[in-house]
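Student: would you be able to build a 3D model of this:
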Amino acid sequence: AFDVNVEQESKVPADKRKLPIYICKTDKGETKYILPTYGKGLWGPIWGYISVNDDKNTVYGSFFDHKGETPGLGAEIATPTFQAQFAGKKLFDENGTFVSIKAVKGGADKNDAHGVDAISGGTITSKGLTKMLMDELKPYENFLKQKN
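Tutor: Reported below is the predicted structural model:
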């Protein structure tokens, strides 16, 4: 998985991609699955990682970065405050349908299992991040639905 170029793979049709999955164990012995993502922001590429618990639905953590988003606006995707919103969110709805996570303009309802607050003034980056998560995580759906 370490030799897969996620940027190049993001340009390959979803059904033909190499899909790296990183598996780690926490100090408590819990298994986490880390999935890389790559997309487009306002001024250039954005990328990140979503880690999920062993239920393969609940987000454990996230990390995002960028090449040239506007400081104080789209660049906020790289801040711990923005990234912390993803912990506990769900990738699948109650019917088992993959829905991903959306950055919601105006703020996500605190009970929304699939939404986080979009970045104020960073609308295009927020939309790019939402699209990246849907497009890049959807190919992992079969893996995520497999029970351990």
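Student: low-confidence ranges in the protein?
Tutor: Counting by pLDDT under 70, the chain contains low-confidence residues at 1, 148.
Student: just give me the longest helix of it.
Tutor: Taking DSSP state H as the criterion, the chain has its longest helix at helix 123-137.
Student: quick one: it to chain centroid distance?
Tutor: 8 Å (C-alpha atoms, centre = their mean, to the nearest Å).
Student: ok, now stretch 93-110?
Tutor: That offset, for stretch 93-110, works out to 12 Å (C-alpha atoms, centre = their mean).
Student: buried stuff in the next helix or strand after the longest helix of the chain?
Tutor: Per DSSP states H and E, the first helix or strand lying C-terminal to helix 123-137 is helix 141-145. Neighbour counts using 16 or more other C-beta atoms under 10 Å place 141, 144 of helix 141-145 among the buried residues. The way it works is simple: take the backbone N, C-alpha and C, and place the C-beta from them, glycine included.
Student: and what of stretch 60-72?
Tutor: Per 16+ other C-beta under 10 Å, stretch 60-72 contains these buried residues: 60, 61, 62, 63, 64, 66, 69, 70.
Student: would you agree the third one falls within a helix?
Tutor: No: with DSSP: H, G, I helix; E, B strand; the rest coil as the criterion, residue 62 is assigned strand and is not in a helix.
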